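>>> Test case, fold it:
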Amino acid sequence: MRQNSPNQAPRRKLIPNLFSSILNVIAESDRPLTQHEIVEAVSERLERSDEELKRQITVNLHDAIIYGYLKVRNYRYSLVPGSVDPNEAHDQSQDQEHPSSESGRRNCNCKEPEKRWHERTV
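From the prediction side, this is the model:
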């Protein structure tokens with residue numbers, strides 16, 4: 001295991017299925033939710049409420065906006081129509097490369113017959 005330098009924080013463990021839990025909470029809601037409402041609902045679903053969970057939810061919300069799963073308006077989060085079915089989010093995450101991977105590439109949704117990989121432009 002790689003040792004952290006003195007100026008680096010220790011690596012935190014990721015909470016399993018957190019991203020799909022967040023998407024499911026938002027999808028099951030009948031209206032856009034604030035960050036606080038999302039934290040409360042996910043905390044209840046995962047049966048835990050600690051600072052690390054709140055931090056990871058915040059990070060996941062920002063990532064979901066960057067990668068086009070969520071949109072935010074007036075501090076309320078909602079799913080982008082047609083972005084992904086929350087029930088398939090977990091299945092697709094295993095098939096595709098993680099969006100923040102070092103290669104910086106992801107699957108393109110273009111109509112080219114070869115389904116080429118393109119450099120990420122975000």
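>>> any weak-confidence spans in this protein?
Counting by pLDDT under 70, the ranges of the chain that qualify are 1-4, 84-122.
>>> Now do the strands in this protein.
33-34, 70-73, 76-79, 105-107, 117-119 (DSSP state E).
>>> which helices and strands does the second one pack with?
Other elements packing on strand 70-73 under the criterion 3 or more C-beta pairs under 8 Å, 6 or more residues apart in numbering; DSSP states H and E are helix 51-66, strand 76-79. Where you see a C-beta, it was placed from the backbone N, CA and C, and this is true even at glycine.
>>> Tell me which residues of it come out buried.
Under the neighbour-count criterion of 16 or more other C-beta atoms under 10 Å, strand 70-73 has residue 70 buried.
>>> With just CA atoms, put that strand into CSV.
What follows is strand 70-73, C-alpha atoms only, in CSV (Å, rounded to 0.1, in the frame of the first residue of the first chain):
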residue,chain,number,x,y,z
LEU,A,70,-28.3,16.2,-12.1
LYS,A,71,-29.1,19.8,-12.6
VAL,A,72,-29.4,22.4,-9.9
ARG,A,73,-31.6,25.4,-9.9
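>>> quick one: which of the helices and strands packed on strand 70-73 is nearest residue 26?
When the helices and strands packed on strand 70-73 are compared by C-beta to C-beta, strand 76-79 sits nearest residue 26, at 5.6 Å.
>>> Provide the strand pairings for the closest one, with the direction of each partner.
strand 33-34 (antiparallel), strand 70-73 (antiparallel) (DSSP bridges).
>>> Let's have these in TSV, adding distance to residue 83.
Putting the strands paired with strand 76-79 into TSV (distance: least, C-beta to C-beta, whole Å) gives the following:
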stretch	distance to residue 83
strand 33-34	16
strand 70-73	8
